[in-house]
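**Q** below are the sequence and a predicted model for it; my questions follow.
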Amino acid sequence: MVITTQASVAIRCPACGRLELHSLSLFQLNKGQSLEIFCSCGARVATFKMKKGQEVYLQVDCVLCDAKHLYQFHRKQVWGKKVLNLICADSKLDLGHLGPKEQVARLVKNHEAELLKLLQEIEDADYFRAPEVMLQAVSYLQDLAVDGAVYCSCGNPHIGMDLLPDRIELHCRDCDAVGVVYVENEQELAAIKSLKEVELTAGSLSIIEPPLFSPYPQGQTKK
């Protein structure tokens, strides 16, 4: 009889929203120590722990409701033949999947295809004032985040991102700081791409722009 000792887990990152595939080995958990799973942006997405060699506990930092969800599975379920769907108890929506690599990878691919379709529908509906500019701005800020260059002065390096028609809002879940990045034209995009890092001010609302830069005439501000 062949005993499966490898599984895969994919959970949506609460900080950057990525859905990445991670390996999960039975031998990693059999030592009784907690195993933390991190997104490539550096944010923790889940913590695993096995008790008495049979029960697997999984704690997930939820991207949907900002809570921490706790799941309990038998070892045979985690390293079994079926995918376990991880559901947000508040919204009843999927957070991710746990199970055989091929099946989980297929679900991740399907999720990404659905997301691309949704973004296309949003673009077609003129949700963003400048869709192409917004796309480039989001890509640049995500690259900064992966390099650890997007953080809050309270010490939290894991910053969330919300997309609105004319701007990107960066938020710190630890202190509720918010940084606003306006994205409506090529000039504002150029300003964003000149940023080497983005620091939110703890507990405050601030406009993110390069030092000594303003795309508006002297004395005017963004309305």
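**A** Received, thanks.
**Q** least confident secondary structure element in this protein?
**A** Lowest on mean pLDDT, DSSP states H and E among the helices and strands of the chain sits helix 101-124, with a mean of 73.
**Q** next structured bit after that helix?
**A** helix 131-146 (DSSP states H and E).
**Q** what does that following helix rub up against?
**A** 15-16, 40-42, 123, 128, 150, 159, 161, 163, 168, 170, 181, 183-186, 188-189, 192-193, 195, 197-198 (C-beta atoms under 8 Å, 6 or more residues apart in numbering). Quick note: C-beta positions are derived from backbone N, CA and C, even for glycine.
**Q** could you do stretch 48-66 as well?
**A** Contacts for stretch 48-66 (C-beta under 8 Å, 6+ apart): 11-14, 17, 24, 29-30, 32-37, 43-47, 68-75, 77-78, 86, 88, 90-91, 93, 95-96, 98, 173.
**Q** narrow these to those in strands?
**A** The strands, defined by DSSP state E, take in 11-12, 24, 35-37, 44-47, 68-74, 86, 95-96, 98 from the contacts of stretch 48-66.
**Q** parallel or antiparallel, which strands does the helix or strand containing Ile168 pair with?
**A** In the assignment (DSSP H and E), Ile168 maps to strand 167-172. Strand partners for strand 167-172, identified by DSSP bridges, are recorded as strand 159-164 (antiparallel), strand 178-182 (antiparallel).
**Q** going by mean pLDDT, which of these comes out lowest?
**A** Ranked by mean pLDDT, the strands paired with strand 167-172 bottom out at strand 159-164, with a mean of 85.
**Q** okay, buried residues for it please.
**A** Using 16 or more other C-beta atoms under 10 Å as the test for burial, strand 159-164 gives 159-161, 163.
**Q** per-domain residue ranges of this structure.
**A** 6-119, 126-207 (automatic domain parsing).
**Q** which residues of this structure score low on pLDDT?
**A** 1-4, 114-125, 210-223 (pLDDT under 70).
**Q** thinking again about what came up before, now, of the ones in strands among the contacts of stretch 48-66, which are buried?
**A** By 16+ other C-beta under 10 Å, those give 11-12, 24, 35, 37, 44-47, 69, 71, 73, 86, 95-96, 98 as buried.
**Q** residue contacts, the spatially closest residue to Phe38 that is not a sequence neighbour?
**A** The shortest distance from Phe38 to any non-neighbouring residue, by C-beta to C-beta, 6 or more residues apart in numbering, is to Arg44 (5.5 Å). For Arg44, the contact set (C-beta under 8 Å, 6+ apart) comprises 36-38, 61, 158.
**Q** repeat the analysis, applying 7 Å as the threshold.
**A** By C-beta atoms under 7 Å, 6 or more residues apart in numbering, the residues touching Arg44 are 36, 38, 61.
**Q** need the residues you listed in TSV (columns: distance to Val146).
**A** Output for the contacts of Arg44, formatted as TSV (distance: C-beta to C-beta, whole Å):
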residue	distance to Val146
Glu36	18
Phe38	12
Asp61	18
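**Q** this completes my enquiry, with thanks.
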